[in-house]
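Visitor: Build me a model:
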Amino acid sequence: MKILLVEDEPKLASFVKKGFGNEGYEIEVAYDGRVGQSLIQQNRYDLVILDVNLPYVNGFELCRLVRRQDARVPVLLLTALDNLDDKVTGFEAGTDDYLVKPFEFRELLLRARVLMRRHTEAATVQPTLRIADLELNLDAKTVSRAGQRIDLTTKEYSLLEYLLLNRGRIISRVDIAEKVWELNFDTNTNVIDVYVSYLRKKLDKGYPVKLIHTVVGMGYVLREG
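Guide: Okay, the predicted model is just below:
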């Protein structure tokens, strides 16, 4: 299980990181909202723990970002603000739970385990990946958009599945080569660009909302608009 903690208090961050590490969890720490934002956009996590009052980008905004990236990832907010208005703001931003400082690590661990267990259970019973009106059924290996079935080759399907699993995140050509083609990336080949072009023609052509986007110099991202 991989956890992201965004907390600007070094002592508290170290305390939480050590606690989760002792329990066998992999945990990354960001000490301000800007770094946290970058990590959320680049990586997948089983749980995101956010302090509310962060430099540059606050916890509420980061929570909204997580929800735009993947609505299923559990989020837990940490705050010294123990009033109803802040809790309402947090829940409206999409948090799953709220823990007021100071707290005992045992309580944080218990809440984290409950959230991650719910996430895992939900993932195991969810056979369909979706973005906008595009659906990929993992059991039937079928793809449709706006209710219309789309026939893909095996490699096109694998590429789309990988993009859907990382929707909202920029995926480099190196990542695609390693995860979809299972080979070292050859900078002299354009096979990945060719297959992305194939997918665009099948998935985006004729639809007002485009889903596959090129990020110049970085790779591709699957997102709405």
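Visitor: other SSEs contacting the longest helix along the chain?
Guide: Taking DSSP state H as the criterion, the chain has its longest helix at helix 105-124. Packing partners of helix 105-124 (3 or more Cβ pairs under 8 Å, 6 or more residues apart in numbering; DSSP states H and E): helix 10-22, strand 47-51, strand 75-79, strand 97-100. The way it works is simple: take the backbone N, C-alpha and C, and place the C-beta from them, glycine included.
Visitor: Any chance of these in JSON lines with mean neighbour count as columns?
Guide: As requested, the helices and strands packed on helix 105-124 are exported to JSON lines (neighbours: other Cβ atoms under 10 Å):
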{"stretch": "helix 10-22", "mean neighbour count": "14"}
{"stretch": "strand 47-51", "mean neighbour count": "26"}
{"stretch": "strand 75-79", "mean neighbour count": "23"}
{"stretch": "strand 97-100", "mean neighbour count": "16"}
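Visitor: Take those and write them to TSV, including distance to residue 60 and mean pLDDT.
Guide: Converted to TSV, the helices and strands packed on helix 105-124 look like this (distance: least, Cβ to Cβ, whole Å; pLDDT from 0 to 100):
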stretch	distance to residue 60	mean pLDDT
helix 10-22	19	96
strand 47-51	8	96
strand 75-79	8	93
strand 97-100	11	91
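Visitor: Show me the contact partners of the helix-or-strand element of the chain with minimal mean pLDDT.
Guide: Every helix and strand in the chain was compared by mean pLDDT, DSSP states H and E; the lowest is helix 105-124, with a mean of 83. Here helix 105-124 makes contact (Cβ atoms under 8 Å, 6 or more residues apart in numbering) with 1, 3, 15-16, 19-20, 23, 46-47, 49, 72-74, 76, 96-97, 99.
Visitor: go again using 6 Å as the cut-off
Guide: Contacts with helix 105-124, where a contact means Cβ atoms under 6 Å, 6 or more residues apart in numbering, come from 1, 19, 46-47, 74, 96-97.
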